[in-house]
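Chemist: When you get a sec, could you give me coordinates for this:
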Amino acid sequence: MLRRDGRISDWYDREIKTGGAIDREISAQLDDCQLFLALVSPDFLNSGYCYDKEMKRAIERHEAGELTIVPIILEPSNWQTSPLKQFKAVPKDGKPISEWANQNNRLPGCRYGTASAGNFRDRRGAARSADAPGKSSPANAGEVSPETILRRDR
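Modeler: Numbering: from 1, shown residues only. So this is what the prediction gives:
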């Protein structure tokens, strides 16, 4: 809904066109985004590229106050032993979506968790809080300003 409503935009590496410079395009998108959704699975954690390059850069930007990281736990994995353990994960309590009898029941919780992910910076670098009045609460969880999201699942 956030994307459909025009409140966020997303990008992932499948959008790189044939002949595109993969490393350069991923790095440019990662350096431009304000929210990094780590779609956590064993494949994500075992990927040298995702784990060693992309997540490392995302954490650097997080530590510089430029990026918010939200782990979305898709499948059981050892994410609690990774650098992702320092971030509040969704769904609630980091229970993998794949373990829920009806996986659709967890998606609204993920939506709220990502919509209220903390402080963002607009393209000029001015700080904005997603928790500011009228921005994001359980009643209006989807009301966030457009932000660029980089999501990684493989």
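
Chemist: Am I right that D10 sits in a strand?
Modeler: Yes. D10 forms part of a strand when assessed by DSSP: H, G, I helix; E, B strand; the rest coil.

Chemist: which SS class is R3?
Modeler: State at R3, reduced to three classes by three-state DSSP: coil.

Chemist: Kindly tell me how buried it is, as a neighbour count.
Modeler: Around R3 there are 11 other residues, counting by other CB atoms under 10 Å. Where C-beta positions appear, they are placed from N, C-alpha and C, glycine not excepted.

Chemist: Any stretches of this structure with poor pLDDT?
Modeler: 103-154 (pLDDT under 70).

Chemist: Regarding the protein, what is its longest helix?
Modeler: The single longest helix within the chain, with elements called by DSSP state H, is helix 22-32.

Chemist: what are the pairing partners of the next helix or strand after that helix, and which direction each?
Modeler: Scanning forward in sequence from helix 22-32 by DSSP states H and E, the next helix or strand is strand 35-40. Here strand 35-40 is paired, per DSSP bridges, with strand 68-73 (parallel), strand 148-152 (parallel).

Chemist: Kindly export the longest one (C-alpha atoms) in CSV.
Modeler: Spelled out, it's strand 68-73. C-alpha atoms of strand 68-73 as CSV (Å, rounded to 0.1, in the frame of the first residue of the first chain):
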residue,chain,number,x,y,z
THR,A,68,17.7,3.1,8.8
ILE,A,69,18.0,-0.7,8.6
VAL,A,70,14.9,-3.0,9.1
PRO,A,71,15.5,-6.7,9.1
ILE,A,72,12.4,-8.6,7.8
ILE,A,73,12.7,-12.2,8.9
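
Chemist: For it, which residues meet the burial criterion?
Modeler: For strand 68-73, burial by neighbour count (16 or more other CB atoms under 10 Å) applies to T68, I69, V70, P71, I72, I73.

Chemist: I figured L37 hits L67, correct?
Modeler: No. Look at L37 against L67 with CB atoms under 8 Å: they stay out of range, at 11.1 Å.
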